[in-house]
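J.: no sequence on this one, just coordinates:
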Ligand SMILES: NC(=O)c1ccc[n+]([C@@H]2O[C@H](COP(=O)([O-])OP(=O)(O)OC[C@H]3O[C@@H](n4cnc5c(N)ncnc54)[C@H](O)[C@@H]3O)[C@@H](O)[C@H]2O)c1
């Protein structure tokens with residue numbers, strides 16, 4: 001049974017990760033040993049973030065720490081789940097890997113590509129597993145899309161749009177999300193989900209362009225184009241307006257049909273035929289992601305779905321999009 005510690009017990013840890021560990025604990029797959037957060041209120045308060053809320057419910061036998069150094073001195077565990085703000089990912093991941101723990105870190109991997117490379121190199125050197133929470137890769141709505149692309153079910157890809165929109169993430173510790181130097185802004189924090197997905201589905205683009213808009217000063221709206229051989233993807237990220245509900249969708253046009261995912265439903269619109277709902281089942285992608293990592297630790301499986309080197313490449317691509325935005329949205333060749 002894999003023993004787990006969480007560092008950073010805020011929005012994503014409480015609403016998405018904790019319920020998964022609780023479920024896996026009932027299956028006898030993991031034991032949540034300890035949680036650490038600099039803010040002890042987080043051990044008792046409920047939280048609400050853009051993707052939903054979480055009831056507290058941390059069981060009594062989980063140790064609580066406000067200093068990770070004390071936690072590693074006193075507790076035994078196999079893996080650490082990093083749910084701290086992004087600017088802390090790289091240093092903490094390297095520190096934990098070097099201390100012999102396997103590391104699952106929330107996305108985005110880090111603020112810079114160079115940091116990401118150090119994380120990958122360290123994991124290799126110390127022979128520990130590292131994975132980044134690019135959670136969409138584990139969502140069945142995206143797995144369906146990957147399958148029809150790989151099997152060429154509807155012929156060639158013609159174009160696509162991926163969107164992710166939300167109110168600004170103002171729940172964060174010390175308002176770190178709204179500080180680009182600590183979060184990377186909307187373009188790195190939220191937009192990366194769909195940019196990573198585009199890479200996962202179609203590979204590296206040959207050219208990119210991006211236009212960003214400032215409302216809070218964190219590249220709050222990003223319109224990106226990823227150009228591939230013969231088609232392009234339009235990717236929209238937007239956290240520019242308080243009060244707007246979280247929404248995400250995609251629409252991909254193929255030679256023989258268009259596949260649309262909106263309001264939690266996939267619909268296939270065949271050219272010249274009746275629209276239909278394909279066979280698929282919605283899943284909890286955080287659960288699938290964490291289970292994948294735990295299974296890797298238990299069985300030594302290769303990480304084919306979400307290797308850290310690929311998460312690093314998504315950060316590199318975001319930085320290329322930022323360079324295009326800084327140049328007024330210029331289309332720039334992208335070096336694979
Ligand atoms: N995969 C997703 O869908 C998704 C969604 C939201 C957030 N995230 C990512 O998860 C990470 C955390 O985001 P969040 O929404 O939980 O933010 P948050 O601010 O709600 O939580 C971060 C927690 O880390 C704690 N913390 C800060 N410094 C610490 C330290 N040195 N040691 C221990 N704890 C420390 C804070 O007190 C806070 O409780 C970010 O990288 C974010 O991008 C991912």
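T.: Nice, thanks for sending it over. Treat the numbers as computed from the prediction; the structure is a model and nothing was measured. Residues are numbered from 1 along each chain as shown.
J.: interface residues of the chain facing the ligand?
T.: Contact residues, the chain versus the ligand (C-beta under 6 Å from any ligand atom): 7-13, 36-39, 42, 49, 68, 83-86, 88, 106-107, 133, 135, 171-173, 189. C-beta coordinates here come from the backbone N, C-alpha and C atoms, glycine included.
J.: tell me which of these fall in helices.
T.: 11-12, 68, 189 (DSSP state H).
J.: give me the buried subset of these.
T.: 11-12, 68, 189 (16 or more other C-beta atoms under 10 Å).
J.: tell me which two of those sit farthest apart.
T.: Spatial extent of those (C-beta to C-beta) is set by the pair 68 and 189 at 22.5 Å.
J.: one step back: in ChimeraX, select just the buried ones from the residues of the chain next to the ligand.
T.: Buried residues within those, by 16+ other C-beta under 10 Å, are selected in ChimeraX with:
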select :7,8,9,10,11,12,13,36,37,38,42,49,68,83,84,85,86,88,106,107,133,135,172,173,189
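J.: for the protein, give me the ranges with low pLDDT.
T.: For the chain, applying pLDDT under 70 flags the ranges 53-56.
J.: can you tell me the residue of it closest to the ligand?
T.: With C-beta to the nearest ligand atom as the measure, residue 10 is the residue of the chain nearest to the ligand, at 2.0 Å.
J.: just checking, that residue touches residue 174?
T.: No. The criterion here is C-beta atoms under 8 Å, and residue 10 misses it with residue 174 at 10.6 Å.
J.: so the closest residue to residue 207 other than its chain neighbours is in which element?
T.: Take residue 207 and drop its neighbours on the chain: the residue closest to it by C-beta to C-beta, 6 or more residues apart in numbering is residue 227, 4.2 Å away. Using DSSP states H and E, residue 227 sits in strand 221-228.
J.: can you give the distance of that strand from its chain's centre?
T.: Relative to its chain's centre, strand 221-228 lies at 18 Å (C-alpha atoms, centre = their mean, to the nearest Å).
J.: how about stretch 96-103?
T.: For stretch 96-103, the distance to the chain centre is 21 Å (C-alpha atoms, centre = their mean).
J.: now stretch 77-85
T.: Put simply, stretch 77-85 sits 15 Å off its chain's centre (C-alpha atoms, centre = their mean).
J.: cool, stretch 203-217 as well?
T.: For stretch 203-217, the distance to the chain centre is 18 Å (C-alpha atoms, centre = their mean).
J.: identify the residues contacting that stretch?
T.: 168, 178, 180, 185-187, 198-199, 219-229, 233, 240-241, 313, 317, 320-322, 324-325, 328-334, 336 (C-beta atoms under 8 Å, 6 or more residues apart in numbering).
J.: which among these count as buried?
T.: 168, 178, 180, 185-187, 198-199, 219-228, 233, 240, 313, 317, 320-322, 324-325, 332, 334.
J.: now do the contacts for residue 253.
T.: Here residue 253 is in contact with 157-160 (C-beta under 8 Å, 6+ apart).
J.: sorry, back to before: quick check: bridge partners of the residue nearest to residue 207?
T.: residue 207, residue 232 (DSSP bridges).
J.: my read: it touches residue 331, true?
T.: Yes. If you go by C-beta under 8 Å, residue 227 and residue 331 touch, sitting 7.2 Å apart.
J.: tell me which stretches of this protein form helices.
T.: Assigned by DSSP H, the helices in the chain fall at 11-12, 18-26, 68-74, 89-98, 113-126, 140-150, 180-183, 185-189, 191-202, 285-299, 308-326.
J.: what distance do you get for residue 68 to residue 58?
T.: Going from residue 68 to residue 58 by C-beta to C-beta, to the nearest Å gives 17 Å.
J.: again, but for residue 109
T.: Here residue 109 is placed at a distance of 27 Å from residue 58 (C-beta to C-beta).
J.: the two - which one has more neighbours?
T.: Under the criterion of other C-beta atoms under 10 Å, the comparison of residue 109 against residue 58 puts residue 109 first, with 34 against 18.
J.: I figured that one was touching residue 117, is that so?
T.: No. Contact criterion C-beta under 8 Å: residue 109 and residue 117 do not qualify, at 9.9 Å.
J.: who touches both of these two?
T.: With C-beta under 8 Å, 6+ apart as the test, residue 109 and residue 117 both reach residue 312.
J.: got the domain ranges for this structure?
T.: Taking automatic domain parsing as the reference, the chain has its domains at 2-136, 140-287+314-333.
J.: now tabulate those in CSV and tack on distance to residue 301.
T.: Shown next, in CSV, are the domains of the chain (distance: least, C-beta to C-beta, whole Å):
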stretch, distance to residue 301
domain 2-136, 10
domain 140-287+314-333, 17
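J.: figure out which of those domains is closest to residue 295.
T.: Here domain 2-136 is closest among the domains of the chain (C-beta to C-beta), at 8.4 Å.
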